[in-house]
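**Student:** Need a 3D model of the following:
(one chain, ligands or ions: 2)
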Amino acid sequence: MSNLSNAYVPPQLKAEILSDALPYIQKFHGKTIVVKYGGNAMTDEKLQRAFARDVVLLKLVGMNPVIVHGGGPQIGKALKKVGKESEFIQGMRVTDAETMEVVEWVLCGQVQGDLVTLINSFGGQAVGLNGKDGCLIKAKRLRLRDYQNPDKFYDVGQVGEIESINPAVVKALQDDAFIPVISPVGLGEDELAYNINADVVAGKMAEVLKAEKLVMLTNTPGVLDKEGNLITGLTSKEIDALFEDGTISGGMYPKISSALEAAKNGVKAVHIIDGRVDHCLLLEILTPEGVGTMIKSE
Ligand SMILES: Nc1ncnc2c1ncn2[C@@H]1O[C@H](COP(=O)(O)OP(=O)(O)O)[C@@H](O)[C@H]1O
Ligand SMILES: CC(=O)N[C@@H](CCC(=O)OP(=O)(O)O)C(=O)O
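**Tutor:** Ligands and ions are numbered 1, 2, ... in the order given. Next up, the predicted model:
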């Protein structure tokens, strides 16, 4: 992948490739595109730079990218430093009060700060937000239902589910030249901060903003079947079958569930794509090439 960017491309071909993007730029002009930038997709510096450039480019050609970032592996590292192991149930981090302090520090501080700085270094105007800002995300304590046994619930501590989203602050920013960069932390009525899975925030944000597209960047080619082959498209029924036969596990649970909810609730195109591919965002949005898995509402 990295060698490709050094390969010789005749100037005429470059111009044609740029020109081929025109219908996509027209189609998505003025439209909101929510991008979930997973912590697993942001581990390589070169890829991070390509991502930030792509976001700036999308904004400058008239689209409204809204970024929801994760940071699971980065939280895991910070917790290790203070001697705490990470525990997950169905893709949700079990979060006690001490863990929550680290989560907020890593997500709303380090990860968001680095991303905002990087986007702005390429000429964008990114603004960092978390759920507390402008009353963006109201959360309440999650009762996590067992995927296989609906009568069973898990207590995962200070983990939130979304009660409501007030998108006013995001709309105000995106109607201007700004690129919102949102950390998945919500505020409860009890004034506690809640740790919310970033896929859940991205899916709901896309719904509430009536986004044209939701693109989730992760560290696999997309959703894989039992043999490890990429599944390019998935319907609701097919997803149920994958849950039942155990093909989906860990972080893919909240990702697929949130993607499906968004597709069912009006987001026209929902994709889970490989964030390890250089310029995957441009490939997904500005070319006819299908990358990753498209989640369909039915
Ligand atoms: N069927 C599946 N296809 C692809 N990935 C899967 C599947 N089931 C579980 N996974 C796991 O889900 C992970 C992606 O979710 P997660 O670790 O939460 O990433 P992110 O930080 O991008 O949200 C993959 O790295 C993989 O280990
Ligand atoms: C409740 C819960 O699990 N919250 C996540 C929030 C970050 C996240 O979702 O990051 P990724 O997108 O990189 O996985 C966590 O603590 O890891």
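**Student:** Give me the spatial nearest neighbour of the residue in the stretch 51-200 of the chain positioned nearest to ligand 2, chain neighbours excluded.
**Tutor:** Among residues of the stretch 51-200 of the chain, the one nearest ligand 2 by CB to the nearest ligand atom turns out to be Gly70. It sits 2.1 Å away. To be clear about C-beta, it is placed using only N, CA and C from the backbone, and glycine gets the same treatment. Residue nearest to Gly70 in three dimensions, not counting chain neighbours: Ala198, with 3.7 Å by CB to CB, 6 or more residues apart in numbering.
**Student:** what about the one you found, how many neighbours?
**Tutor:** Applying other CB atoms under 10 Å, we find 28 residues neighbouring Ala198.
**Student:** Same check on Leu144?
**Tutor:** For Leu144, the tally of surrounding residues (other CB under 10 Å) stands at 18.
**Student:** now it, what's its secondary structure?
**Tutor:** Reduced to three states with DSSP: H, G, I helix; E, B strand; the rest coil, the structure at Leu144 is strand.
**Student:** gap between the residue nearest to it when sequence neighbours are not counted and Asn40?
**Tutor:** On the basis of CB to CB, 6+ apart, the spatially nearest residue to Leu144 that is not a chain neighbour turns out to be Tyr154, at 4.3 Å. Computed with CB to CB, to the nearest Å, the distance linking Tyr154 and Asn40 is 23 Å.
**Student:** quick one on the thing from earlier: quick one: the residue nearest to Leu144 is in a helix?
**Tutor:** No: with three-state DSSP as the criterion, Tyr154 is assigned strand and is not in a helix.
**Student:** That one against Gln90, yeah?
**Tutor:** Yes: with contacts counted by CB atoms under 8 Å, Tyr154 reaches Gln90, the gap being 7.4 Å.
**Student:** Now for these two: what residues contact both?
**Tutor:** Common neighbours of Tyr154 and Gln90 are listed as Leu144, Asp146 (criterion: CB atoms under 8 Å, 6 or more residues apart in numbering).
**Student:** the more surrounded of these two?
**Tutor:** For the pair Tyr154 and Gln90, the greater number of neighbours falls to Gln90 (18 against 15), based on other CB under 10 Å.
**Student:** Dihedrals phi and psi, the closest residue to that one other than its chain neighbours?
**Tutor:** Taking CB to CB, 6+ apart, and ignoring the residues beside it in sequence, Gln90 has Tyr253 as its nearest neighbour in space, at 4.9 Å. Tyr253 adopts backbone torsions of phi -60, psi -60, taken as degrees, to the nearest 10.
**Student:** who are the neighbours in contact with Tyr253?
**Tutor:** For Tyr253, the contacting residues are Gln90, Gly91, Tyr147, Phe243, by CB under 8 Å, 6+ apart.
**Student:** doesn't the last one fall inside a strand?
**Tutor:** It stands for Phe243. No: secondary structure of Phe243, determined by three-state DSSP: helix, with no strand assignment.
**Student:** and it, how many neighbours does it have?
**Tutor:** 17.
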